[in-house]
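[1] return atomic coordinates for the entry below.
(2 chains)
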Amino acid sequence: MHQSIKYFIVGFCFWSLALVSVNYIVDPLQYYRLDNSPRFVKNQRYQIPGLIRNYNFDTIFVGTSHSENFLASQLDKFGQTQSINLSISGSSAWEQMQVVNLASQQGELANVVWEMNYKSFAGTNPNQISAGKFPQYLFQQDYTTPFYYLYSIDTLVLTAKKLIGKGIPTLDGLNAWYPKEKHKFDGVHVLKHYCSRVTQISDKKTVNYSEKLNQYLLPVLQNNPNVNFYLFLPPLSVANFALNNQVQRYIAFRKALYQSVKSFSNIAIIDYTTDYGRLSQLTNYKDVEHYNLDISNQILSTVATSQVNVENNADINKFNQEILEFVEHWKSENECGVNIAYERRN
Amino acid sequence: MLFNSYIFLFLFLPAALLGYYVLRLKCSREASFVILVLASLLYYGYWKVSYLPILLISIVANYALGILLVKQINQGTKKLLLIVGIALNLAALGYYKYANFFLSNFEWLVGESYSTLNIVLPLAISFFTFQQIAYLVDASKGEAKEYSFIHYCLFISFFPQLIAGPIVHHKEMLPQFMDKARAYFDVEMFWQGVQLFCIGLAKKVLIADNVALFATPVFFAADSGYEISTVAAWIGILAYAFQLYFDFSAYSDMAIGIGKMFGIDLPLNFNSPYKAVSISDFWRRWHMTLSRFLRDYLYIALGGNRVGAFRRHINLFLTMLLGGLWHGASWNFVLWGGLHGSYLIINHFWTGFCKQNNINTSKQGYILLAKLLTFFCVIEAWVLFRAETFEGAMALYSASFSFDNIQLSAILTSQVEYVSEPIKAILMIIFCAVTAFICPNSQEIVAGKYLALSEKGFYKRAYYFTLPLLLSGLLVAAISSMNKVSEFLYFQF
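    Predicted coordinates for the structure are as follows:
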C-alpha cells in the first residue's frame, strides 16, 4: 500500500483515540460523573444535559435570560423543593422543550416553572440564531450520544478550558446576570434603548402562535400529566410592548396560550403583565425587556404560592384590551425627541 | 445524504468504493460502472425518492434524443430534434424551478391573485439539465459520439458531481470510462483523492460553517426589517463572502477528491477566485464549469464577440443575467447577474483603455489595487445573492455605507447587535482572508507545488510522513465537528 496512506490510517487512529481519551478523562460537561470542584461551562446549551443527568432536582426553571436570575435557593426557601435553573439565554421554545423533555426522562420531576415568552415562540429574533448552535446530540440520550460527546472538537475546546481553570464555579453563577449588570437598572437606559429601536421597521412576518404552542408546549403537558407546570408571562417593560407591533404580537400570543392550555389540569398561568404599575416602573429594568432581581424574586414567591388545577376565569379579551390601551397611552406620553429628551445618534 | 454526514462517510462511501473495486477486479469494468450508477441513484433517491423518476426520465429521454441526433444525417431534422430536446429540458427546468416565480410576477402585473403551484424543486435539476443540453448541442454538431447507456447514465448521475457540480462535459467524462489505462486501481490517484476530500471536508466544517454563524443573523435581521449597524453589516457581508467561497469550493474539492478515489477526474471548479485581478479573471476562477457552460452554450450561441462591440456587450450582459437566474427564481439573482454583467462590460472598457494608453498593468501596486477593487465589487454583489428580499439587500447596503456610530468599545465589549462575538468574528474573517488571498489552494497543495523541499532525502521522508499525519488530524478535527450537520449552500441551485 502507498506509504502515505499507511501513515494516514495510523494518524487517523492515533488522533481519534487521543481525542476520545482526553475528553472522557476530563469530562468537561460532567456528563459521566459529578465533579468535586466543578467548573461549569458558560454555554448553557452544552452544560444543561450534564446537570440534568447528574444533579438531583424535582423542580426546574426553563426560559430565556428573563429566567436566568431565578435563584434555586430562593424558591427552595419558599417551598419544599429541590430546584435547578435550566434557563438558556436567547433560547427558542423548541430548545426549551428539549430541556423539559430531557429533565422529565431523568426521574423525579415534579414542577416546571416555564417562562412563556412570546418571542421564544415566534422564533424570529435574529439574536436567537447568533446565540449558537444547539448540541441536539446531548439531548437525545441514545447510544450515539457518547460518540457525539466524546468524539467532538467542541468537547475538546471545553476540556482545554477546564484544564486551564476557566469556567464558572457555582450553579447560580452559571445563569444569574444581575450582579454584572447591577449599575444599569435605570429608567434613562431603558428610554435610550427604546428610542434606539422605535424607528425600526417592524418585523412583518406573522406568527401562528396556536401552531407554535401545539408544537412546543402542548406535547410536553400531555406527556407529563403528573408534573405541575407553572407557566409565567414575564413582565417585560411597557417600553418593549410600545415598540412597533410588539403589543399586538403579545396579545395574540397570550390569547392563544390561554385557549391552548385551558383543558389541562396540571398547569397554572401566572400572568405578570397585568400589573401595569410594575410594567411602567422603568427603574426596575436595564433595557426594554430585562427586569431586576427583585422582580425575579417576586415571581418566584408567586410561583411558590400558586396552585395548579385552579379554574382560570381570567377574561383574556378584557386583559388584552387593557394592555393595548395602556401601551397606547404610554406611547402618546413618551414620544422620542418630544417627551423623551433623548436624541437618537445611530 | 451530505458529504459531511456520518452515514456518507462511514457507510455509503466505503460501501460504494468496496463494491466498485471488487467488481472491477473480480468481474469487469462495465460491472463496476453498473454498481456506481446504482450507488449514484441510491445517493440521489436518499434525499427524496420522488426526485428519482424525474432524473431517470431526463436521462433516458436525453440519451434517446442524443442517439437520434448522432445518427441523423438530415440537417433539418437534426435542427428540429435539437430544438425539441432543448425545449423539453428548459420546460422541465422552467416548470420545476421557475413556475411559481413567473406566476407571482404575472399576479403582480395583472393585479390578481392565484393560488401558488405546489411544486417541489428536484435537487440538482439545474446541474443535470445543463449537462444534457450541452450533450444534445454537441450531438447535433457531430461533436458527440454514440455512447453506451451505462456510460451516459454515469456521466449524468455520478454522485460526487450530481448535486452541486462541477458541471461536467461529456467530452471530459465519457472518454475516461473507455480509457483502458484507467482500468486499474491507481493508488497515487486514490491518495490524491483522499487528500482533496480531507481538505474539502475541513474547509466546509471547520471554516464555512463557523464563519456562517456571523453572516446568517445579520442577513436574517436585514431581511426581517431590523436596523443594522455599519459594523454588523460589514461583518455580515465579509463573513458571507468567505462562507460562500469556503462552502462551495469545499464541495468541489470533495467532489473531485471522491472522483479521484474512483479513478475518475472531474474538472477543476475553483482556482483561488478571490486572488482575481479583474472581474473577467474572477469568472475564470469562480465556478469555472458554469462559466465554461455559459460561455460555450449561451454567450457564443448569442454571437459572442463576433458581432461587434455593442452586441458583444449586450450578449455579455444577457449571459450574466441568465446566469443569475440560473441560480434561483428570484429578482435578487437576476439583479446579481445584471450587476456582474455590468462589471464585465466596465472591465472590458477599462482593459481597452489601458491598452490604448499603454498603462502598465503588471506593476505590483496596480495588481494589489486591482485585487482589492475586484474583491470589493464581488462582495458587494454577494449581498444581492444572499439577501432573501430586495429590501434586506438595500438595508445592508445602506447600513454598510452609513458609517454611523462606529464604536470600538462596542466591538470590544461584544455589543454589536446580531453579531454575538464581534472580536471572534473579525479574527475569523482575517483568517479566512489570509487563507483565500495568500495561501495555496487545495489543488496546489495536493499537487505539491509549494513543497519543493520535499524532493530529496530527509525532507522527502518528512513530507511523506508529516503530510498524512497533518491530514489525518484535519480529518479527525472535521469529523469531530460534524455533530451539527449543515447543508452546502449550492444545493439550493
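
[2] biggest helix in the chain, by residue count?
    As the question left the chain open, I've gone with chain A. Determined from DSSP state H, the single longest helix within chain A is helix A:3-26.

[3] meant chain B actually
    Max-length helix for chain B by DSSP H is helix B:230-261.

[4] from the chain's centroid, how far away is that helix?
    Distance, stretch centre to chain centre, for helix B:230-261: 10 Å (CA atoms, centre = their mean, to the nearest Å).

[5] and stretch B:272-284, by the same measure?
    On CA atoms, centre = their mean, the centre of stretch B:272-284 falls 15 Å from that of its chain.

[6] quick one: name the residues of chain B near chain A.
    Residues of chain B lying near chain A by CB under 8 Å from any CB of the partner chain: B:187-188, B:190-191, B:194, B:213-214, B:216-218, B:220-221, B:224-227, B:229, B:404-405, B:417-420, B:464-465, B:467-469, B:471-473, B:475-477, B:479-481, B:483-484. (Each C-beta comes from the backbone N, C-alpha and C, glycine too.)

[7] do that again at 6 Å, thanks
    Chain B comes close to chain A at residues B:187, B:191, B:216-217, B:220-221, B:224-227, B:404-405, B:418, B:420, B:464-465, B:468-469, B:472-473, B:476-477, B:480-481, B:483-484, as judged by CB under 6 Å from any CB of the partner chain.

[8] for ChimeraX, what selects the buried ones among these?
    Buried members of these, defined by 16 or more other CB atoms under 10 Å in any protein chain shown, are picked up in ChimeraX with:
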select /B:191,216,217,220,221,224,225,226,227,418,420,468,469,472,473,476,477,480,481,483,484
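
[9] and A:Val113, that's in a strand?
    Yes. Assessed by DSSP: H, G, I helix; E, B strand; the rest coil, A:Val113 belongs to a strand.

[10] so where is the chain shaky, pLDDT-wise?
    Unless you meant another one, I'm taking chain A. A:1, A:78-79, A:123-133, A:181-183, A:199-205, A:308-313, A:337-346 (pLDDT under 70).

[11] that answer is for a different chain, and I need it for chain B
    Across chain B (using pLDDT under 70), the flagged ranges come out as B:116, B:405, B:410-414, B:448-462, B:484-493.

[12] OK, now which residue of it is nearest to chain A?
    Residue nearest to chain A within chain B (CB to the nearest CB): B:Ser472, separated by 3.1 Å.

[13] my guess is that residue contacts A:Phe8. True?
    Yes. Checked against CB atoms under 6 Å, the pair B:Ser472 and A:Phe8 is within contact range at 5.1 Å.

[14] coming back round to it: dump whichever helix or strand comes after the longest helix of chain B to CSV, restricted to CA.
    Sequence-wise, the next helix or strand downstream of helix B:230-261 (DSSP states H and E) is helix B:279-285. The C-alpha trace of helix B:279-285 is given here as CSV (Å, rounded to 0.1, in the frame of the first residue of the first chain):
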residue,chain,number,x,y,z
ILE,B,279,-14.0,40.6,-12.9
SER,B,280,-13.1,38.7,-16.1
ASP,B,281,-10.4,37.0,-14.1
PHE,B,282,-12.8,36.3,-11.3
TRP,B,283,-15.2,34.4,-13.6
ARG,B,284,-12.3,32.4,-15.0
ARG,B,285,-11.6,31.3,-11.4
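
[15] give me the residues contacting the helix or strand that helix B:279-285 is followed by.
    Of the helices and strands lying after helix B:279-285 in sequence (DSSP H and E), the nearest is helix B:288-294. Here helix B:288-294 makes contact (CB atoms under 6 Å, 6 or more residues apart in numbering or on different chains) with B:130, B:165-167, B:267, B:269, B:283, B:319, B:323.

[16] ranges for the strands of chain B?
    Counting by DSSP state E, chain B yields no residue ranges for strands.

[17] need the contact list for B:Cys354.
    B:Thr361.

[18] how far away is it from B:Ser278?
    10 Å (CB to CB, to the nearest Å).

[19] find the nearest non-adjacent residue to A:Gln136, please.
    Counting by CB to CB, 6 or more residues apart in numbering or on different chains, A:Gln98 is the residue found nearest to A:Gln136 once chain neighbours are left out, at 7.2 Å.

[20] I meant B:Asn347, not that one.
    B:Ile279 (4.7 Å).

[21] correct me, but the one you found touches B:Leu344?
    Yes. Counting by CB under 6 Å, B:Ile279 sits close enough to B:Leu344 to count as a contact (5.4 Å).

[22] who touches both of those two?
    By CB under 6 Å, 6+ apart, no residue touches both B:Ile279 and B:Leu344.

[23] so which of these two has more stuff around it?
    Neighbour count, other CB atoms under 10 Å in any protein chain shown: between B:Ile279 and B:Leu344, B:Ile279 has more, with 25 against 20.

[24] list the contacts of that one.
    Applying CB under 6 Å, 6+ apart to B:Ile279 gives the contacts B:343-344, B:347.

[25] tell me the spacing between A:Phe12 and chain B.
    4 Å (CB to the nearest CB, to the nearest Å).

[26] what's the local residue count around that residue?
    The number of residues near A:Phe12, taken as other CB under 10 Å, comes to 19.

[27] B:Glu380 now?
    Count around B:Glu380 with other CB under 10 Å applied: 17.

[28] B:Gly365 now?
    So B:Gly365, with other CB under 10 Å, has 8 neighbours.

[29] can I get stretch A:164-171 in CSV, CA atoms only?
    What follows is stretch A:164-171, C-alpha atoms only, in CSV (Å, rounded to 0.1, in the frame of the first residue of the first chain):
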residue,chain,number,x,y,z
ILE,A,164,-6.6,25.9,32.4
GLY,A,165,-9.2,26.6,35.1
LYS,A,166,-11.7,28.5,33.0
GLY,A,167,-15.3,28.1,33.9
ILE,A,168,-17.9,29.2,36.5
PRO,A,169,-17.6,27.8,40.0
THR,A,170,-21.3,27.9,41.1
LEU,A,171,-24.6,26.9,39.6
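
[30] buried set for it?
    A:167, A:171.

[31] please enumerate the strands of the stretch 151-300 of chain A.
    A:228-233, A:267-271 (DSSP state E, counting those that start in this stretch).

[32] tell me which of those strands is the most buried.
    Comparing the strands of the stretch 151-300 of chain A by mean neighbour count (mean count of other CB atoms under 10 Å in any protein chain shown), strand A:228-233 ranks first with a mean of 22.

[33] contacts only, for A:Ser67.
    A:Ser67 makes contact with A:61, A:87, A:115 under the criterion CB under 6 Å, 6+ apart.

[34] now with 10 Å?
    A:61, A:85-89, A:91, A:96, A:113-115, A:117, A:175, A:232, A:234, A:296, A:299 (CB atoms under 10 Å, 6 or more residues apart in numbering or on different chains).

[35] what's the burial count for B:Asn358?
    6.

[36] circling back: roughly how far apart are the residue of chain B closest to chain A and A:Asn111?
    50 Å.

[37] now do B:Phe159
    Taking CB to CB, one finds B:Phe159 at 52 Å from A:Asn111.

[38] next: B:Asn269.
    Distance of B:Asn269 to A:Asn111, given as CB to CB: 57 Å.

[39] number of residues surrounding B:Met254?
    For B:Met254, using other CB under 10 Å, the count is 27.

[40] repeat that for the one 10 residues further on.
    Close neighbours of B:Ile264, defined as other CB under 10 Å, add up to 21.

[41] same check, this time on A:Val157
    A:Val157: 12 surrounding residues under other CB under 10 Å.

[42] surely it meets A:Pro28?
    Yes. Look at A:Val157 against A:Pro28 with CB atoms under 10 Å: they come within range, at 8.7 Å.
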